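Novice: pasting a predicted model and its sequence here:
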Protein chains: 2
Amino acid sequence: MSSPQTGAGDPRRSLELLWREGGAQEGRPGPKPRFTLDQVVATAIALADRSGVTALNMRAVADELGTGPMTLYRYVPGKAELVDLMVDRATEPSPEELAVTGETWREHLALLAEGTWDGYAAHPWLLELNQRRPVLGPGSLAGFDWALRAFEGHDIPGREQNLIITGVMSIVIGAARDHLIADSSDTPPPTTESEWWAAQEPYLIRASESGDYPRLAAVSNEEDAWSFQGREAMRFALDAFLDGVQARWSLDQ
Amino acid sequence: MSSPQTGAGDPRRSLELLWREGGAQEGRPGPKPRFTLDQVVATAIALADRSGVTALNMRAVADELGTGPMTLYRYVPGKAELVDLMVDRATEPSPEELAVTGETWREHLALLAEGTWDGYAAHPWLLELNQRRPVLGPGSLAGFDWALRAFEGHDIPGREQNLIITGVMSIVIGAARDHLIADSSDTPPPTTESEWWAAQEPYLIRASESGDYPRLAAVSNEEDAWSFQGREAMRFALDAFLDGVQARWSLDQ
DNA sequence: GGTATCCGAGTACGATGTACTCAGTTATAG
DNA sequence: CTATAACTGAGTACATCGTACTCGGATACC
């Protein structure tokens, strides 16, 4: 029942941590830290990947590192800021991803969508966070900068470039939220996707038959009305959106 | 640092509560309940509207009602289920909204988008929730059924109707998340939208100047690259998406 | 009126984030 | 080489929040 909120951390602290390039401070008295910030963040991400967001708490991360809960506070000001760091790190495009570029603007944006989708598939806890405003770190900026490659050589105002990329991201995140939330293995109740719909079904049938939702009933009568996978839903909306974008600027692919 | 997760409640319990039409049980021994489930839910919504999701806890809701925390558990099995009820109630279209219909399918979907946007503006805590799979109650179904009116008289398969509506919702929610999250008045740190960006600015400038993000730097140089309001961003993506939908089925508006 | 049932409230416990403290360690100054 | 100063890691403890358990009292049916 408890989960962190991204961006709830003091943005100043999060940004400071995000942007200080692992600056190993030299020439300081005292022992060397036993861990690095990167290690802490990586451990927390691994834990979240494995056990979901509800299992992500300071004691668990500390256990994973073989230390006490309070030791973590030597590296991050609090849990909220740790989550900010996790998000930026998990959002960072890999070198392989950075190396790829779509042949056309449209193909590039499709790659952006697919890559983002894959990212959520690998780190479903990202979807479970309360993402408020994004904390912009090196990872997110690298991703955004890569996305902007789509428009190189085209004459589109920066404002519209932003709006287009934002639109793509909204579509991907929306579809991912609907279809990709893996009920983190060990959060009770362990309701799988099928159990979920099985529980709803009797009520939906009754609702259909009640006559209160005539259009819903009509649609539900069609055989495959609800039979689409997440990636499909994402592609559908994405393609329509990009069709519209293409027409709007008479873009040559 | 703590917040509820929608859909984390046992769906069976939530659904049962959602669909039992305030069935006042008659002829039972024992005193009459002091409150109704509706009252509890309405109180919780009012509290969340006023103070945000972090202030929404069982003790606070109980205080609001002038009773003890445990009394609430006579009406709901737990906080998660209460939140499910709140979501469905807050999502329910008002009678006035239900009465309106767009002249064209496109206008209807635009009304859907605007109405949803307004709903998030009125209940920003909806955006702060970890919405997992939706728990379908009378409110959500009524909203969906209303949305489906867009396609009455058109020959579009139900599956595509669903996909289109889902796409619209993704776009609205994405834009709302980016622009509408009102940092709930009293959650620390009380960072407003402008403070937020002010904190990020120096890092963004340094990032731009570092040369690591050349495309981002180019875009940021344009005067109004980031100057759009949320509703604008939503309309932009929505219009492009609907353009694409329209072309795809050669829809006559 | 007896009785079965249900309501409201109080007490208390477990989980979790984190403030505070202190002993031990180690890089630098002399 | 030694003294010093700062910093690290760990432990203890408290506040918050969800909620299990329990019981006295009220109420409708027989």
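Specialist: Cool, the structure landed. Residues are numbered from 1 along each chain as shown, chains lettered A, B, ... in the order given.
Novice: low pLDDT regions in the stretch 51-200 of chain A?
Specialist: Residues of the stretch 51-200 of chain A that meet the criterion pLDDT under 70 lie in A:130-132, A:182-192.
Novice: for it, which residues are neighbours of DNA strand C?
Specialist: A:54, A:55, A:56, A:57, A:58, A:59, A:69, A:70, A:73, A:78, A:79, A:80 (Cβ under 7 Å from any atom of the strand). (C-beta placed from N, C-alpha, C; glycine too.)
Novice: save those residues as TSV, and put in neighbour count, distance to residue A:240 and secondary structure too.
Specialist: Converted to TSV, these look like this (neighbours: other Cβ atoms under 10 Å in any protein chain shown; distance: Cβ to Cβ, whole Å; DSSP: H, G, I helix; E, B strand; the rest coil):
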residue	neighbour count	distance to residue A:240	secondary structure
A:54	20	35	coil
A:55	16	38	coil
A:56	26	36	coil
A:57	17	41	coil
A:58	18	44	helix
A:59	11	46	helix
A:69	13	49	helix
A:70	10	51	helix
A:73	13	48	helix
A:78	18	42	coil
A:79	20	40	helix
A:80	21	37	helix
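Novice: near DNA strand D too, which of those residues?
Specialist: A:69, A:70.
Novice: which among the residues of the stretch 51-200 of chain A next to DNA strand C gets closest to DNA strand D?
Specialist: residue A:70 (3.1 Å; Cβ to the nearest atom of the strand).
Novice: picking up where we left off before, just name the closest of the residues of the stretch 51-200 of chain A next to DNA strand C to residue B:154, please.
Specialist: Relative to residue B:154, the closest of those is residue A:54; by Cβ to Cβ it sits at 43.6 Å.
Novice: run through the helices of the stretch 51-200 of chain A in chain order.
Specialist: A:58-65, A:79-91, A:95-99, A:105-122, A:125-128, A:138-148, A:158-179, A:193-210 (DSSP state H, counting those that start in this stretch).
Novice: can you list these in JSON lines and add distance to residue B:248?
Specialist: As requested, the helices of the stretch 51-200 of chain A are arranged in JSON lines below (distance: least, Cβ to Cβ, whole Å):
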{"stretch": "helix A:58-65", "distance to residue B:248": "47"}
{"stretch": "helix A:79-91", "distance to residue B:248": "31"}
{"stretch": "helix A:95-99", "distance to residue B:248": "30"}
{"stretch": "helix A:105-122", "distance to residue B:248": "15"}
{"stretch": "helix A:125-128", "distance to residue B:248": "28"}
{"stretch": "helix A:138-148", "distance to residue B:248": "25"}
{"stretch": "helix A:158-179", "distance to residue B:248": "15"}
{"stretch": "helix A:193-210", "distance to residue B:248": "28"}
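Novice: check the secondary structure at residue A:33 for me.
Specialist: coil (DSSP: H, G, I helix; E, B strand; the rest coil).
Novice: is it correct that residue A:109 is in contact with residue A:102?
Specialist: Yes - using Cβ atoms under 8 Å, residue A:109 is in contact with residue A:102, at 7.2 Å.
Novice: those two - which one has more neighbours?
Specialist: Between residue A:109 and residue A:102, counting by other Cβ atoms under 10 Å in any protein chain shown, residue A:109 is the more crowded of the two (23 against 14).
Novice: now do the contacts for that one.
Specialist: Neighbouring residues of residue A:109 by Cβ atoms under 8 Å, 6 or more residues apart in numbering or on different chains: A:102, A:147, A:150, A:164, A:165, A:168, A:238, A:242.
Novice: of these, closest to residue B:197?
Specialist: Distances from residue B:197 to these, taken by Cβ to Cβ, are shortest for residue A:165, at 18.0 Å.
Novice: report the contact partners of the closest one.
Specialist: A:109, A:112, A:144, A:147, A:148, A:150.
Novice: any idea how far residue A:33 is from the first one?
Specialist: With distances defined as Cβ to Cβ, to the nearest Å, the gap from residue A:109 to residue A:33 amounts to 42 Å.
Novice: got it, and the last one?
Specialist: Separation of residue A:150 from residue A:33 (Cβ to Cβ): 41 Å.
Novice: out of these two, which sits in the more crowded spot?
Specialist: residue A:150 (25 against 14).
Novice: which residues does the more buried one contact?
Specialist: With Cβ under 8 Å, 6+ apart, residue A:150 has these contacts: A:102, A:105, A:106, A:108, A:109, A:112, A:161, A:165.
Novice: from those, pick the one nearest DNA strand D.
Specialist: Checking those one by one against DNA strand D (Cβ to the nearest atom of the strand), the nearest turns out to be residue A:165, at 36.5 Å.
Novice: does the residue located most distally from the centre of chain A count as helix, strand or coil?
Specialist: Most distant from the centre of chain A: residue A:29, at 40.1 Å, with distances by Cα atoms, centre = their mean. The three-state assignment at residue A:29 reads coil, by three-state DSSP.
Novice: picking up where we left off before, distance to residue A:17 for the residues of the stretch 51-200 of chain A next to DNA strand C - can I get that in a markdown table?
Specialist: Supplementary listing: those in a markdown table, determined by distance: Cβ to Cβ, whole Å:
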| residue | distance to residue A:17 |
| --- | --- |
| A:54 | 24 |
| A:55 | 23 |
| A:56 | 18 |
| A:57 | 19 |
| A:58 | 16 |
| A:59 | 21 |
| A:69 | 19 |
| A:70 | 18 |
| A:73 | 13 |
| A:78 | 11 |
| A:79 | 13 |
| A:80 | 12 |
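Novice: so residue A:215 sits in a strand?
Specialist: No - using three-state DSSP, the assignment for residue A:215 is helix, not a strand.
Novice: residue B:142 is in contact with that one, correct?
Specialist: No - Residue A:215 lies out of contact with residue B:142 (Cβ under 8 Å); the separation is 10.8 Å.
Novice: residue A:98 contacts residue A:145, doesn't it?
Specialist: No - contact criterion Cβ under 8 Å: residue A:98 and residue A:145 do not qualify, at 9.2 Å.
Novice: give me the more crowded residue out of these two.
Specialist: residue A:145 (20 against 14).
Novice: residue contacts, the more buried one?
Specialist: B:212, B:213, B:214, B:215, B:216.
Novice: and the last one, how far from residue B:88?
Specialist: Spelled out, that is residue B:216. Taking Cβ to Cβ, one finds residue B:216 at 41 Å from residue B:88.
Novice: so which of those two has more stuff around it?
Specialist: In terms of neighbours (other Cβ under 10 Å), residue B:88 is the more surrounded of residue B:216 and residue B:88; the figures are 26 against 22.
Novice: so who does the more buried one touch?
Specialist: For residue B:88, the contact set (Cβ under 8 Å, 6+ apart) comprises B:18, B:135, B:136, B:137, B:138, B:139, B:140.
Novice: ok, 6 Å please
Specialist: Going by Cβ atoms under 6 Å, 6 or more residues apart in numbering or on different chains, residue B:88 touches B:18, B:137, B:139, B:140.
Novice: what about residue A:201, how many neighbours?
Specialist: The number of residues packed near residue A:201 is 10, by other Cβ under 10 Å.
Novice: and it, how far from residue B:38?
Specialist: In terms of Cβ to Cβ, residue A:201 sits 26 Å off from residue B:38.
Novice: over to residue A:226?
Specialist: From residue A:226 to residue B:38 the distance is 30 Å (Cβ to Cβ).
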